[in-house]
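> no sequence for this one, just the structure:
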């Protein structure tokens, strides 16, 4: 079952940070597509929730050194 989740990433500093997060997400099984918006400080991720959870995505972003909060 597909699901779209949104996360606030309040400490994203630049477009390079957004690209780092997007690249990590795109290389993860269960993620169909992702968009990381530096200006809005948000990520929108379309997932296959039978493969990956929203909690796992939040944990991945935190492991990259950013603060992430599910919206």
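Now that the structure is in, tell me what you want to look at. The shown structure was predicted, so the numbers you read here are calculated from the model rather than taken from an experiment.
> The longest helix along the chain: which residues count as buried?
When the chain is parsed with DSSP state H, its longest helix is helix 15-26. Neighbour-count burial for helix 15-26, with 16 or more other CB atoms under 10 Å as criterion, is recorded at 17-18, 20-22, 24-25. C-betas here are computed from N, CA, C, even on glycine.
> List just the nearest of those to residue 2.
residue 25 (15.1 Å; CB to CB).
> Assign the residue lying closest to that closest one once chain neighbours are set aside to one of the three secondary structure states.
Spatial nearest neighbour of residue 25, excluding adjacent residues (CB to CB, 6 or more residues apart in numbering): residue 34 at 4.1 Å. Secondary structure, DSSP: H, G, I helix; E, B strand; the rest coil: residue 34 is strand.
> Tell me the confidence at residue 50?
pLDDT for residue 50: 89.
> Next one: it from residue 2, what distance?
To residue 2, residue 50 is 9 Å away according to CB to CB, to the nearest Å.
> do the same with residue 40
Residue 40 is 22 Å from residue 2, by CB to CB.
> more crowded one of the two?
The neighbour count for residue 40 versus residue 2, taken as other CB atoms under 10 Å, is higher for residue 40 (14 against 9).
> Tell me where the model's unsure across this protein.
Counting by pLDDT under 70, the chain shows no low-confidence range.
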